[in-house]
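Peer 1: 3D model of this:
(one chain, ligands or ions: 1)
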Amino acid sequence: MVRPKVFVTQRIFPEALEWLKQEAEVEGGQAEAPLSKEEILKAVEDKDGLLTLLVNQIDREIIERAKRLKIIANCAVGYDNIDVDFCRQRGIFVTNTPGVLTEATADLTWALILAVARKIPQADLFTRAGRFRGWALDLFLGQEVYGQTLGIIGFGRIGQAVARRALGFSMKIFYYDLKRLSAEEERNLQATYLPLDELLKRSDIITIHTSLNPSTYHLINQERISLMKKTAILINVARGPIVDEAALASALKDGKIWGAGLDVYEREPEIENKLLSLENVVLLPHIGSATRTTRLQMAMTAVRNLLQGLSGQRPDNLVW
Ligand code: GLV
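Peer 2: Here you go, the predicted structure:
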């Protein structure tokens, strides 16, 4: 039997690559940095399957070039890097890796909340620099987290996992989502639905967990930032373009809000220059799901989806 041909755009874990190699002719899987569009265009021509990372923009031109393509397995829960509508029209499966990264991403969200509220990176730098000269009543004063109000934008798997952790901090939880939970689900999470603008006005800490799509692009813009409390903290671990990064940088600079924690950016890996010099923002390099266990599970999930699609089965995590 002819083995399917697969292209893996970048380095993945050896365990995942080995599994794939048992079932398919594999090319790629070694690149350290994202490939150029030209390189991807060339590689996809004769492939039946693609394993992609979120840094790969898989647009119409690439999909049209891949005449034999049956499936694109994205190794991420988000899939805004792929033209899914066009794939659906052509009957090409697109899959993601939901579920396996929920808890790790919620943990990282909390790491960012606490890091911003208690100025952890700044305090660490200060201590390393030998500037700690003794306890002082007003050294690195942060914001309370315990008992405060948390506003969660996007209340799917990850947003809800963030809410479960917030219960341990005795927080009041508001959420906004296009889909409202049932009364019972809301009760279990002690979460109250609010329209977005109302949530922004009433929350001390606001955290974003929606997907990026045309309706969430710049959802948090200058106007919405102006609704937030002056003491508010904004966290984004979802996708950069959901927040107008320039508007956020101005608001942080002018003290319109108190702080922010970002794991994602509008034009990754580029970061709005103004943010880099601000003290009241904590910047991470898109590591929301980055534990070894979770990232390996993501790679294995992507391989499983890919093999299912190649064998003509409907893959577990089809997104359309
Ligand atoms: C990470 O950002 C993901 O979408 O998995």
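
Peer 1: residue contacts, residue 181?
Peer 2: 155, 175, 189, 191, 193 (Cβ atoms under 8 Å, 6 or more residues apart in numbering). Any C-beta I mention is one placed from the backbone N, CA and C, and that applies to glycine too.

Peer 1: If we use 7 Å, what do you get?
Peer 2: Counting by Cβ atoms under 7 Å, 6 or more residues apart in numbering, residue 181 touches residue 155.

Peer 1: Could you find the closest non-adjacent residue to the most centrally placed residue in the chain?
Peer 2: The centroid of the chain falls nearest to residue 238 when counting by Cα atoms, centre = their mean (3.4 Å). Leaving aside its chain neighbours, residue 238 sits nearest to residue 208 (4.7 Å; criterion: Cβ to Cβ, 6 or more residues apart in numbering).

Peer 1: Quick check on that neighbour: phi, psi?
Peer 2: Per-residue torsions, residue 208: phi -100, psi 130 (degrees, to the nearest 10).

Peer 1: Please apply the same query to residue 262.
Peer 2: phi -120, psi 130.

Peer 1: try residue 88
Peer 2: According to degrees, to the nearest 10, residue 88 has phi -60, psi -40.

Peer 1: if we can go back for a sec, list the contacts of the residue nearest to the centre of the chain.
Peer 2: By Cβ under 7 Å, 6+ apart, the neighbours of residue 238 are 154, 208, 209, 210, 264.

Peer 1: mind running it again at 8 Å?
Peer 2: Shown in contact with residue 238 (Cβ under 8 Å, 6+ apart): 78, 154, 208, 209, 210, 211, 212, 264.

Peer 1: And for residue 296?
Peer 2: Per Cβ under 8 Å, 6+ apart, neighbours of residue 296: 13, 15, 16.

Peer 1: Narrow those to those in helices?
Peer 2: Among those, the members falling in helices (DSSP state H) are 15, 16.

Peer 1: could you dump the contacts of residue 296 to a markdown table with neighbour count?
Peer 2: Below are the contacts of residue 296 laid out as a markdown table (neighbours: other Cβ atoms under 10 Å):
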| residue | neighbour count |
| --- | --- |
| 13 | 18 |
| 15 | 12 |
| 16 | 24 |
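
Peer 1: Is it correct that the residue nearest to residue 238 is in contact with residue 240?
Peer 2: No. Counting by Cβ atoms under 8 Å, residue 240 is not a contact partner of residue 208; they are 10.2 Å apart.

Peer 1: Looking at those two now, which is surrounded by more residues?
Peer 2: Taking other Cβ atoms under 10 Å, residue 208 and residue 240 do not tie; residue 208 has more neighbours (24 against 19).

Peer 1: Name the residues linked to the more buried one by a beta bridge.
Peer 2: residue 153, residue 236 (DSSP bridges).

Peer 1: what does residue 72 give?
Peer 2: The partner list for residue 72 in beta bridges (DSSP bridges) reads residue 50, residue 94.

Peer 1: got the contact list for it?
Peer 2: 49, 50, 52, 58, 82, 87, 92, 93, 94, 95.

Peer 1: Adding pLDDT, write these out as a markdown table.
Peer 2: Output for those, formatted as a markdown table (pLDDT from 0 to 100):
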| residue | pLDDT |
| --- | --- |
| 49 | 98 |
| 50 | 98 |
| 52 | 98 |
| 58 | 98 |
| 82 | 98 |
| 87 | 98 |
| 92 | 98 |
| 93 | 98 |
| 94 | 98 |
| 95 | 98 |
